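Asker: Compute the structure for the input listed below.
(2 chains)
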Amino acid sequence: MSGAAVAAASGPVIPHYGTSDSCVLHNGAFCWHWFAQNWGSLFQPKLIQHVELTVIALVIGFAISFVLALAAHRRRWLAPPVTFVTSLLYTIPSLAAFEILVPITGLGSLTIEIPLISYTLLVLFTNTLAGLSGVSAEVRDAATGIGLTRRQMLTRVELPLALPTIVAGIRVATVTIISLATVAAYVGNEGLGQLIFDALHSNDFNTQFLGAGGLAILLALVADGFLVLTQRQLTPWATARRPV
Amino acid sequence: MNEPPTTNTAAAPLEMRDVTKRYPGAKTAAVDRLCLEVPAGEICVLVGPSGCGKTTAMRLVNRMIELTSGDILIDGVTVLKRDPSDLRREIGYVIQQIGLFPHITISANVGVVPQLLGWHKERIARRSADLLQLVGLPEEMGSRFPGQLSGGQRQRVGVARALAADPPLMLMDEPFGAIDPINREHLQNEFLRLQSAIRKTVVFVTHDIDEAIKMGDRIAILREGGELVQYDTPNEILAHPADDFVARFVGADRGLKRLALTRLADLDLIAAPCVRPGQPIGSVRNQLLPGTGVVLVDTDGHPLGEVPPDRLADGRVTDSDARTIGQTVTTAFTMREALSLMMTDSLRPLLVLDGEGRVAGYVSIELINRTLHDEAQHARRGSATGTR
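Answerer: Residues are numbered from 1 along each chain as shown, chains lettered A, B, ... in the order given. Prediction:
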């Protein structure tokens, strides 16, 4: 169904696809039956698309932030300007960011990903840098004193110790991106946001709205839980306590 | 086991030649033309008030700080031409805050330097286990994380880590400074016991003169501005402080501190006149020390009692003539402890027993006095030939 066709219709329009039971006909609060029936054709593909949008934004955003943080860790003077620029990007309202890019990159994935990536930069950069710099002076001194080179200090001491802080940043970024990616449907017709927009603007169908919105929330929770568990696995030392 | 738990790399002598460190913009040098020779296998303590440059001097050795002029030689080879990281892997490094890596296990912490040096996994694991045993930690502690250990245990791990690659030289910066007094003494004793087995050359930094006296084979006293004031054995520094600064620094109780350096086992104790019950007194009567009697002993030499001089008239003594002996000391006591006990009993000589509880002899105030005098002379001769 094209956006223009939907916009032409006025008032609530019950979608035609699927068998219409009484819940659907009366636009009930949440029609499980309809949700289950349309899972494979509607919700699952959009959920997968949403995950793709999020993962791409996170991977590219992290790659950029990580390189910037490593550089700022080595050269302290880089930190303030990078923080300034990433903060500036972070303050642009998301809808505006998407709109600004449409004339340049058109409607599509690129227009969605650029703002999403730019929103991850501030938190990922700040947390990665804080994690790297957060290694205590005595650990640093001991590491140098027993003969670690700068590179070994980074790979064997600073990065492992920064991991909890970095993961904390990734968690914030992930939840932010999952939520922002719903807004991105405004310019790209991708992800769960598209279902929400359709439900809001055209057919006003509760089940589609709540189903897509609920999936977005669920996705955020699952992703966050997954990151927490991954971090526990990677940093057993952070939770190990002295036996009583 | 193919490898012995302790090691065999020979300790290396350390020499500092006119070592100077001057920070840009500073009026005075942090370390000023410091000359020191530390013989292989000895503990050299750098001591002085804060700001005297003792830590700076130590950190010049492994190039944690680069010197401005002069030279430092380990086993006759200058450190200045070495790659700093390679150099540091051959020098044990222990700091007050320890600085264990919190994210890896105790075993892995101990094995960091061997790993950097490319040892095999099994060899590292074996070495870690041996070292934990050497510093007195149970083997199962190897799988814990540093956050799960007490301060004292962590410091032991710090020492084990420093010893891992069997370095010929160790640098220790106030290693026991953050430990409570009881555990500190325990760790000091343990380290001395360890050192008597491994015989490393050690540069040991402290601000505590008592720790310096206890740990040092030699003590270098530094003054603000990194100037070396006196470099000598603890005994000689206490007996003959080079100037007022040293005298003030070691304290007005330096005489008593000296007493604590010598154990009764090291003295030529005065022979104690001993008889067994029923034996004739004979010539023993003429060996009496003023204020003491004849010691009544069993066949193994354990004391049964003391017979006062006025009961020695009738030629033989029996159990009934003996009265209980008051205070005794053992050969493990220091002269300071012995003197302190003597002072509770009119400075009468004290009966000294050996490790098995047999009579070893008497210690008297005159003997202590004589020993201090002789030792000072001896030490003066020793240091005169030792340093130049």
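Asker: near chain A, which residues of the stretch 51-200 of chain B show up?
Answerer: Contact residues (Cβ under 8 Å from any Cβ of the partner chain) of the stretch 51-200 of chain B with chain A: B:62, B:64, B:85-89, B:93, B:95, B:97-104, B:112-113, B:116, B:144-145, B:147-150, B:158, B:161-162, B:171. From N, CA and C alone the C-beta is placed, and that goes for glycine too.
Asker: Looking at stretch A:43-58 now, give me its mean pLDDT.
Answerer: Averaged over stretch A:43-58, pLDDT sits at 94.
Asker: Now, the residues of the stretch 51-200 of chain B next to chain A that are in helices?
Answerer: B:85-89, B:112-113, B:116, B:158, B:161-162 (DSSP state H).
Asker: now for the residues you listed, which pair is the farthest apart?
Answerer: B:Asp86 and B:Gly158 (21.4 Å; Cβ to Cβ).
Asker: more neighbours, those two?
Answerer: Neighbour totals were compared for B:Asp86 and B:Gly158, and B:Gly158 leads with 26 against 12 (other Cβ atoms under 10 Å in any protein chain shown).
Asker: shouldn't that one be in contact with B:Val94?
Answerer: Yes - using Cβ atoms under 8 Å, B:Gly158 is in contact with B:Val94, at 5.1 Å.
Asker: intersection of neighbour lists for the two?
Answerer: Here B:Gly158 and B:Val94 have B:Pro175 as joint contacts, going by Cβ atoms under 8 Å, 6 or more residues apart in numbering or on different chains.
Asker: circling back to that earlier point, out of the ones in helices among the residues of the stretch 51-200 of chain B next to chain A, which end up buried?
Answerer: The neighbour-count criterion (16 or more other Cβ atoms under 10 Å in any protein chain shown) marks B:85, B:87-89, B:112-113, B:116, B:158, B:161-162 among these as buried.
Asker: Just send those back as JSON lines, with distance to A:Ala36 and pLDDT too.
Answerer: As requested, those are exported to JSON lines (distance: Cβ to Cβ, whole Å; pLDDT from 0 to 100):
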{"residue": "B:Ser85", "distance to A:Ala36": "63", "pLDDT": "96"}
{"residue": "B:Leu87", "distance to A:Ala36": "70", "pLDDT": "96"}
{"residue": "B:Arg88", "distance to A:Ala36": "66", "pLDDT": "97"}
{"residue": "B:Arg89", "distance to A:Ala36": "64", "pLDDT": "96"}
{"residue": "B:Val112", "distance to A:Ala36": "56", "pLDDT": "96"}
{"residue": "B:Val113", "distance to A:Ala36": "61", "pLDDT": "96"}
{"residue": "B:Leu116", "distance to A:Ala36": "59", "pLDDT": "95"}
{"residue": "B:Gly158", "distance to A:Ala36": "62", "pLDDT": "95"}
{"residue": "B:Arg161", "distance to A:Ala36": "60", "pLDDT": "96"}
{"residue": "B:Ala162", "distance to A:Ala36": "66", "pLDDT": "96"}
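Asker: still on that earlier bit, of the ones in helices among the residues of the stretch 51-200 of chain B next to chain A, just say which sits nearest to A:Gly193.
Answerer: B:Val112 (49.6 Å).
Asker: Please list the residues outside stretch B:300-310 that contact it.
Answerer: So stretch B:300-310 is contacted by B:274-275, B:277, B:288, B:292-298, B:317, B:319, B:321-325, B:328, B:351, B:353, B:357-359 (Cβ under 8 Å, 6+ apart).
Asker: Show me what the helix or strand where A:Gly211 lies is packed up against.
Answerer: Under DSSP states H and E, the secondary-structure element containing A:Gly211 is helix A:206-234. Applying 3 or more Cβ pairs under 8 Å, 6 or more residues apart in numbering or on different chains; DSSP states H and E, we find helix A:206-234 packed against helix A:32-38, helix A:44-74, helix A:159-183, helix A:192-198, helix A:236-239.
Asker: Next one: A:Thr176 from B:Ala322, what distance?
Answerer: As defined by Cβ to Cβ, to the nearest Å, A:Thr176 lies at a distance of 92 Å from B:Ala322.
Asker: typed the wrong thing, it's A:Arg75
Answerer: 85 Å.
Asker: Spatially central, which residue of chain A would that be?
Answerer: Computing the C-alpha centroid of chain A and ranking residues by Cα atoms, centre = their mean puts A:Ile177 first, at 2.5 Å.
Asker: Hmm, A:Leu116 and that one touching each other?
Answerer: Yes - between A:Ile177 and A:Leu116 there is a contact at 5.4 Å, judged by Cβ under 8 Å.
Asker: overlap in contacts of the two?
Answerer: Shared contacts of A:Ile177 and A:Leu116, defined by Cβ under 8 Å, 6+ apart, are found at A:53-54, A:57, A:61.
Asker: Dump the residues you listed to TSV, plus neighbour count and distance to A:Gly191.
Answerer: Shown next, in TSV, are these (neighbours: other Cβ atoms under 10 Å in any protein chain shown; distance: Cβ to Cβ, whole Å):
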residue	neighbour count	distance to A:Gly191
A:Leu53	26	5
A:Thr54	25	8
A:Ala57	27	11
A:Gly61	24	17
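Asker: Chain B next: which of those residues are close?
Answerer: Of these, not one also sits near chain B (Cβ under 8 Å from any Cβ).
Asker: how about residue 47, what does it touch?
Answerer: If you meant another chain, say so; for now it's chain A. A:192, A:215, A:219.
Asker: My question was about chain B, not that one.
Answerer: Here B:Val47 is in contact with B:54, B:205-209, B:212, B:216, B:219-222, B:249 (Cβ under 8 Å, 6+ apart).
Asker: just to revisit the earlier point, could you point out which of the ones in helices among the residues of the stretch 51-200 of chain B next to chain A is nearest to A:Val123?
Answerer: Distances from A:Val123 to those, taken by Cβ to Cβ, are shortest for B:Val112, at 32.5 Å.
Asker: That closest one touches B:Ala164, doesn't it?
Answerer: Yes - using Cβ under 8 Å, B:Val112 is in contact with B:Ala164, at 7.3 Å.
Asker: and B:Leu347, backbone torsions?
Answerer: Dihedral pair for B:Leu347: phi 60, psi 30, per degrees, to the nearest 10.
Asker: my bad, should have said B:Ala178
Answerer: Residue torsions, per degrees, to the nearest 10, at B:Ala178 are phi -100, psi 10.
Asker: How many residues are close by it?
Answerer: So B:Ala178, with other Cβ under 10 Å, has 15 neighbours.
Asker: Leaving out sequence neighbours, find the closest residue to it.
Answerer: Take B:Ala178 and drop its neighbours on the chain: the residue closest to it by Cβ to Cβ, 6 or more residues apart in numbering or on different chains is B:Gln96, 5.3 Å away.
Asker: For B:Gly305, see how far away the closest residue to B:Val297 other than its chain neighbours is.
Answerer: Of all residues not flanking B:Val297 in the chain, B:Cys274 sits nearest, at 4.7 Å (Cβ to Cβ, 6+ apart). Counting by Cβ to Cβ, the gap from B:Cys274 to B:Gly305 is 11 Å.
Asker: Just give me the neighbour total for residue 37.
Answerer: I went with chain A, as the question did not name one. For A:Gln37, using other Cβ under 10 Å, the count is 16.
Asker: try again with chain B
Answerer: 17.
Asker: ok, now which ones touch A:Val82?
Answerer: Contacts of A:Val82 (Cβ under 8 Å, 6+ apart): A:68, A:72, A:125.
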